[in-house]
Structure formats: structure tokens, C-alpha cells
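Engineer: Here's a sequence, model it:
(2 chains)
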Protein chains: 2
Amino acid sequence: MAFVVLRQSMSTMQCVLVASADACVSTQMVKFATALSKESIVDIEGVVSLPKEPLKATTQQVEIQVRKIYCINRATPTLPINLEDAARSEAEFGKAEQAGEKLVRVGQDTRLNYRAIDLRTPSNQAVFRIQCQVENKFREYLLSKDFVGIRTPKLIAGSSEGGAAVFKLLYNGQPACLAQSPQLYKQMAICGGFERVFEVGPVFRAENSNTHRHLCEFVGLDAEMEIKEHYFEVCDIIDGLFVSIFKHLTTNCKKELETINGQYPFEPLKYLEKTLKLTYEEGIQMLKEAGTEIEPMGDLNTEAEKKLGQLVREKYGTDFFILYRYPLAVRPFYTMPCYDNPAYSNSFDVFIRGEEIISGAQRIHTPELLAKCGAECGIDVSTISAYIESFSYGAPPHGGFGVGLERVVMLFCALNNIRKTSLFPRDPQRLVP
Amino acid sequence: MAFVVLRQSMSTMQCVLVASADACVSTQMVKFATALSKESIVDIEGVVSLPKEPLKATTQQVEIQVRKIYCINRATPTLPINLEDAARSEAEFGKAEQAGEKLVRVGQDTRLNYRAIDLRTPSNQAVFRIQCQVENKFREYLLSKDFVGIRTPKLIAGSSEGGAAVFKLLYNGQPACLAQSPQLYKQMAICGGFERVFEVGPVFRAENSNTHRHLCEFVGLDAEMEIKEHYFEVCDIIDGLFVSIFKHLTTNCKKELETINGQYPFEPLKYLEKTLKLTYEEGIQMLKEAGTEIEPMGDLNTEAEKKLGQLVREKYGTDFFILYRYPLAVRPFYTMPCYDNPAYSNSFDVFIRGEEIISGAQRIHTPELLAKCGAECGIDVSTISAYIESFSYGAPPHGGFGVGLERVVMLFCALNNIRKTSLFPRDPQRLVP
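Structural biologist: Residues are numbered from 1 along each chain as shown, chains lettered A, B, ... in the order given. Sure thing, here's the model as predicted:
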């Protein structure tokens, strides 16, 4: 028998405190304890013992016979969210409904409004621990491949990469904006001699996209590297990196994945040891054969991506694949055209469960071609002159990619909303808490 | 003898290419190569061999007898910075001056204007590799102590923590600002049940501080944790964390430190196995005895911090120490007052070489006291109501700290300017590149 001092919340210890003849719990103590509101924080002194009968409704193998109890922090008696309600699965709702019982549902907005409570559900604890592991493994793998972690500025002059909407602000009187990606800076780092770099940092998009998969601020996992011979070198890094992330999660986050599965059931991700690569043309062809007509030189829409994901899963048995050689016209201005056909580009997207998750390409590394392609895309080249000039001082061929951390976790666990994988999400409607 | 294919810049290979009777280098090839501008990127095919005489002015042990040379990317003939000039030490300037020779100096602003070239100097390559290692070790140590890495939003409503100037912007029509620190969010994560969290991310300060140690955007290393009994638990984490970072750099980054030392000579940092802790009062007393009068309930200015650093070094033989129990009045509103004397606080600063580098404290975890202290500090409590409310739903005692990554590297290597340890620094005058 061991004597312990524990700190926990009232919600998690309530089943243990029962006054009885053989325990040392006085009725006064039970009175004091039951008067404490749920989620109050208490310190407990007690003796650990094996229960005479197995404890119900818990996975704990021991019980603590309480000797003393101190209230460290008293929670408000009426909580805006009941933790039990927030932790319930669809199956539990279904069972209760069959039994004619009506259980409280906690909506996504209520959860986010009271995030400090909502985060205490077992599945949320698991989601953000997995998120941390994805970042750890991302860094670890790239460091092992001689990448250097860098930190580039988020406050930048001009219009970022142009195109999509940016958040604008004044910087000591000068017009500035928030970086939509570390694209230009990670390329400058390559020109600066770092050979291979990565960055994990916030990315800002002032888009009015109210979907299950868009955020106005998210965490970008970015990498950029010198290319020796072919941009498939970048694809190979992605292949090794993501297979190692998936394996790591499957092997080392079993408990967390089971916990998430308990509230939000999902099928494990199917992936191959060597990641499947298809050309964009092959993808279009597969869709065509399945009756989905796509403009061959246009981009895939969300629906077509979903469909292609299904087709690839059926044919190749994987939820994770690379689609490469996209039409040049649908890629950013700094994308390298294919040497054999400039209507196509040395670029690729990567998909998980039919959703695009990674975008990458070889970049143009000569200033003349870069300025020409920028102007053709309608960019005011004078605002990015420092970027273009970087390539005048000696620039190796290079390429890279970017991934959204929240999307990786969402799609790995097949969650239905990216707000579930952002600690304090930012969408067009939400700026607090 | 090995056959190799190498990619490098003309500047770094120029000493190898010499036409001679016994080498396979034709005079045509020498003509082609010498016509290439410095910093042009070339691919070289050649044979590795031991030189007959040791190579001068290089640490290379082998030479490559060039068979073929391809120009991959041609740099502009007149570079804004000559790499040799940018890599020179003060000692070299001194020697040249004595010899009546005038060498070109590259100013800090020119370096930053052409950062993509400047970053190629050996010392810059070393600085940013060390920076990456500091972040790696920070994460690794905290992960080993059961911290979870989190990602909090940089776009926030209200006035951040109040006080210092913030960057303001419009968020879908709502007034918003950039986070001055992840303070409020890492505390909400603790209330959300994560027990111990850390974050590495950008921090924004719209201050017009034109000093050697301030930036408008820098990388914050932040941590927050539950406190079981005393806020020294936080100091103990800092102690173990920084001693492990210092040891890691000294042991595993020898080459990088030597390289930096070659251009910017510095004395190795002195630190103790167990970090010295002094009370603020003891610090004041030491300064007083040395003839520096300080307002006992005020804060230390930069000069007094420098002086105290010297005194501590002389008396205790360390450049790294913790000063704790600061007057409450000079700390942020959310700082916990001392239980025995509310004029003081459960707070601390940490110094390296006489400069403050870390600020930390136990935080107030009851909403009533927090609202009271906020109002007393002149904060519009309504703008941070979500933050204060988080403590109504059960909040454990907790504390934490924040460090600037650039300052750690600057002070560890005793560099004279924080712009040397930021890849693309942002100060009140600089927003590009």
C-alpha cells in the first residue's frame, strides 16, 4: 500500500469518494467534497489500494482511499459545457435515443467558445498530442536528412506571393502584410547556401473560405532543397517523410488513436511502403474512364479530388499518393516549366483520403525567367525585386513543398472539421478566444 | 582514386583549377572557367587525389583534378558584396592596416540588403546552424520532461497583453492585433488540461526600439506548466534546460563555434552545473556595495543589469544566473504576488553575460484576483474576458517563462548585434528583404 498526494479535478475523482464503515472517509469530508463544483481542482492525500470489486465505468486498476482533501481552485458551479456531454460519441447518442433518453449535444461553436473546458475531453487531449508528434517527426526526419530548421519573417513588404488575399497592416508607417507562406524566404535561404531547409510556423490567409478544411491562420510545415538532377528528389523526401510520420503515429500513439476512435470512429489510413506517383494526365484519364469529365489543362476541383481519391484507393489500395506534372497555368508563377513541354510544370500535389494536403514543385532559379513568369501572372514585379535579385548572385536549382499541420492530423484521423485540429482556430468568423 | 561529380560555386573552387602538363585541364577549360563570374554555380566532374604539396589557405585535405565543368547558373559579374570581404575578422583588418593595405568593409545594412549572399559566409552558416540546434535542444529537453508542443494563434482580438505597442490590423472587419507573446493562450492550454506545454513561434512588438538587442519580430521560446508546490519548479526546468542547451552546443557544435570565433572572437560562456539563484534584493545589495544606487522597488536598467552581470561573474564565476522575487509593481498584471509579502512577486528574470534573456513567473489562477490586478494595471478587462473566464472553470496553479531565440544565440556567442542572429531581421527601419 502506497501513500500518495494527487492533484486532479473533481469530475475525474468523484467515483472514489464514498463514506463507508471500513474507509477513513468521514461524512463531513463527503459533505465538503460533494459541495465542491465539478472541475474544481483538489489536492488529495490517500492510500492506494486494489478495489475489492472491479471499478465500473473506468479503466483504472486501483483506487485511492482518501484521507485528506484540499480545494486548490473552486470552479464556477454552472459550467457552460459539461465535460461528459463533450466527450460523447455518436454511438452513445444512438444508444440513448433508442432508450428514449435525450442527451445534451455540445455544438462546435460552443466548444470553441469555451475551449479551455472543451480541450479537457480525452479525444482533444489525444488530438493535440498527436499534432505535437507529427511536428516532432517532421523535424526529426528532415534533420536526419541534413535539413536545417530556419525561421523566416511573417511581417513582409509588398503583396506576399500575390494572388490570394493577404492581411494588410502598417509597419512603422510602411504598408506591410502577413506572410501567406515562407515561400520566398525559404528560397532565399537556399540561395544563401543552406542547401536544405525547413520551417514550421504560422501562415496567414485572409480568405473568406467557410469550409471544413480552411483556416485563416494555420501551421505550415515547409521544406526547400537543392535539386541535383530531378525534382523527384523532392518527392522522394516527401515519400520517406510521410511514411515515417504515419508509422510513428501508428506505432507510438496507439493510445491516443484509440481514444480518438472512441469518440470519432475512423478507418486507419492506408498507405504503401513506397508512395504511389501518378501523372496529372493519368489522374485525368482515371476520372474520365469513371465518367467524370475534367478540363485537361485546368485544375481539379474538390469533388474531382475526392473522386480520384476513391478511384486510387480501389485500384492501388492506398489513401496517400502523389499526383505530378500539373499544367503550368494552374501553378504559382515561380514554378519551373517542364523541360520537354512548357505547358506542363515540374510540380506535384499530394493527397490523403481524397483531399489535397501538400503542394510542391521545382522553382525557377534564373532571374530572367522568374521576372517574365511573374509579369505574365499579373504580379507587380517591383514589389518582389529583392526576391528576384537573389537569383542573380548564383542560385542552385531547387524545389520544395508546404503542408498544413492541422490538415495532416485531420485527415490522418479522418476528422470532419479542421477546427477540431486547431487549438484556437481562426476562421472568417472567429477571432476569440 | 575516386571519380566525383560535385556542385559548388566558383568562389570556393577557384584554387583547384590550374592548367599544367600532368593534369587533364586544357587551357580552353581554364579560359572558360576563369570567364565565369564568382558565385556562379558549376557542376564539376573530376578525380579526387592527394595534392603533391599541401594546399595553402585551405583546410581541405584533397584536391579534385577537374575533367569537365558545366555552368548551372551564371551569377552577375559585379556582386554587391564580395564574400571574402564579408567573411573577414577584425584581426585580418588590423594586419592589413599595419601592412598599409586597405580592405573593403561590408556594413551591417549592406549585409542585410543582400542577405542571400551574406548568409554564405562561414560564420553565418554556423550561426544559423547553432540557432537550429538551440531550438532542437529546447524541444527535446522539454519533451523529455512531459511537455507538449502547442501552436497558438498570432492573430488575436483586443490589445494582446496591453502595455507595449502592438501591430494592429483588420480581421474581416474586426479590429485585431498580432500576439506580443503566447502568454494568454499557453495559460488557457494549461487550463485545458495539458499540464505542461511549450511553443516556439514568432512574437511581434511594434516598439520603436533601435538598439543592438531589440527586434520587431523575433522567435519566442515559451513554456508554461502546472506548479505543484512552489514556483521554483519552473526555475528548476530553466536550470536543467539551459545547462543542457549550453552543454549540447559546446559538445556537438564545436566546428560551428570555432568558425564563429574565427570571425568574431569571444570567450566561452561560463555557467555552473546547478544554476545560481539570487533574490532581487540580494542583487540590489550587490550593486549598492559596488557603488551603484538602485531604487529598491523599481526595475533594473540595462546598465545596472550589465554591472550586476560583472559582479556575479567575479563573485560566483558564472555568466548565467537567475534573479527572483521581483517587486510586483514592475511585473505584468497576471503575475502572482508573494504569499508572505504582496509588494513582491513569484517572478524571476534570467541573465546571460549581463543581459536579461528570460522572464518568468507564477501566474494568477483565480479570476477575481486576475481581474482586480488587470484593472489596477489600467487594462480594459472586457477585452480579455475570455482569458479571465478560463480561470472560472477550474484552473491549477501554474507558471512559465519566455525566451528570445535570437538573444540566446547572440549572447551565447557574445555577438554584438541581434541582427546577426536573425535570418531576415525586422527592426523599426527594416521590412525587406
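Engineer: got the contact list for stretch A:373-393?
Structural biologist: For stretch A:373-393, contacts defined as Cβ atoms under 8 Å, 6 or more residues apart in numbering or on different chains pick out A:157-159, A:162-163, A:184, A:187-188, A:191, A:332-335, A:364-367, A:370-371, B:39, B:73, B:75-76, B:79-80, B:114, B:116-117, B:432-433. C-beta: built from backbone N, CA, C; applies to glycine.
Engineer: what do you get for stretch A:240-250?
Structural biologist: With Cβ under 8 Å, 6+ apart as the test, stretch A:240-250 has contacts from A:130, A:133-134, A:137-138, A:141-142, A:145, A:257, A:268-269, A:271, A:273, A:275, A:320, A:350, A:408, A:412.
Engineer: how about the residues of the stretch 151-300 of chain A near chain B?
Structural biologist: Taking Cβ under 8 Å from any Cβ of the partner chain, the part of the stretch 151-300 of chain A that reaches chain B is made up of A:151-157, A:167-172, A:174, A:176, A:178, A:185, A:188-189, A:191-194, A:200-202, A:204, A:206, A:208, A:216-217, A:219, A:226, A:228.
Engineer: which helix in chain A runs the most residues?
Structural biologist: Longest helix of chain A, by residue count under DSSP state H: helix A:122-144.
Engineer: now the helices: where do they sit in the stretch 51-200 of chain A?
Structural biologist: Here the stretch 51-200 of chain A has its helices, by DSSP state H, counting those that start in this stretch, at A:83-86, A:90-98, A:108-113, A:115-118, A:122-144, A:183-189.
Engineer: Can you select the buried ones among the residues of the stretch 151-300 of chain A next to chain B for me in PyMOL?
Structural biologist: Remark: buried members of those, expressed as a PyMOL selection using 16 or more other Cβ atoms under 10 Å in any protein chain shown:
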select buried, chain A and resi 151+152+153+154+155+156+157+167+169+171+176+178+185+188+189+191+192+193+194+200+201+202+204+206+216+217+219+226
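Engineer: In strands only, show me the residues of the stretch 151-300 of chain A next to chain B.
Structural biologist: The strands, defined by DSSP state E, take in A:155-157, A:168-171, A:174, A:176, A:178, A:200-202, A:204, A:217, A:219, A:226 from those.
Engineer: Can you flag the buried ones in the contacts of stretch A:240-250?
Structural biologist: Among the contacts of stretch A:240-250, those scoring as buried are A:130, A:133-134, A:137-138, A:141-142, A:257, A:269, A:271, A:275, A:320, A:350, A:408, A:412 (criterion: 16+ other Cβ under 10 Å).
Engineer: Would you mind checking which of these is nearest to chain B?
Structural biologist: Of all these, chain B sits closest to residue A:133, with 8.9 Å by Cβ to the nearest Cβ.
Engineer: Test my guess that the closest one contacts residue A:253.
Structural biologist: Yes - at 5.8 Å, residue A:133 counts as touching residue A:253 under the criterion of Cβ atoms under 8 Å.
Engineer: C-alpha coordinates for the longest helix of chain A, PDB please?
Structural biologist: Output of helix A:122-144 as PDB, limited to C-alpha atoms (Å, rounded to 0.1, in the frame of the first residue of the first chain):
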ATOM      1  CA  PRO A 122      -9.900  12.700 -23.800                       C
ATOM      2  CA  SER A 123     -10.200  12.900 -27.600                       C
ATOM      3  CA  ASN A 124      -9.000  16.600 -27.600                       C
ATOM      4  CA  GLN A 125      -6.100  15.700 -25.300                       C
ATOM      5  CA  ALA A 126      -5.200  12.900 -27.800                       C
ATOM      6  CA  VAL A 127      -5.600  15.100 -30.900                       C
ATOM      7  CA  PHE A 128      -3.100  17.700 -29.800                       C
ATOM      8  CA  ARG A 129      -0.600  15.200 -28.500                       C
ATOM      9  CA  ILE A 130      -0.700  13.600 -31.900                       C
ATOM     10  CA  GLN A 131      -0.300  17.000 -33.600                       C
ATOM     11  CA  CYS A 132       2.800  17.600 -31.500                       C
ATOM     12  CA  GLN A 133       4.100  14.200 -32.600                       C
ATOM     13  CA  VAL A 134       3.600  15.000 -36.300                       C
ATOM     14  CA  GLU A 135       5.700  18.100 -35.900                       C
ATOM     15  CA  ASN A 136       8.300  16.200 -33.900                       C
ATOM     16  CA  LYS A 137       8.600  13.500 -36.500                       C
ATOM     17  CA  PHE A 138       8.600  16.100 -39.400                       C
ATOM     18  CA  ARG A 139      11.600  17.900 -37.800                       C
ATOM     19  CA  GLU A 140      13.400  14.700 -36.800                       C
ATOM     20  CA  TYR A 141      13.200  13.100 -40.300                       C
ATOM     21  CA  LEU A 142      14.300  16.300 -42.100                       C
ATOM     22  CA  LEU A 143      17.100  16.900 -39.600                       C
ATOM     23  CA  SER A 144      18.300  13.300 -40.300                       C
END
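Engineer: tell me what it is packed against?
Structural biologist: Where contact means 3 or more Cβ pairs under 8 Å, 6 or more residues apart in numbering or on different chains; DSSP states H and E, helix A:122-144 is packed against strand A:148-149, strand A:196-204, strand A:217-226, helix A:232-252, helix A:254-263, helix A:405-412, helix B:122-144, strand B:148-149.
Engineer: Tell me the residues of the stretch 1-150 of chain A that contact chain B?
Structural biologist: Proximity of the stretch 1-150 of chain A to chain B (Cβ under 8 Å from any Cβ) is limited to residues A:7, A:9-10, A:38-41, A:72-73, A:75-76, A:79-80, A:114-120, A:124-125, A:128-129, A:131-132, A:135-136, A:139, A:143, A:148-150.
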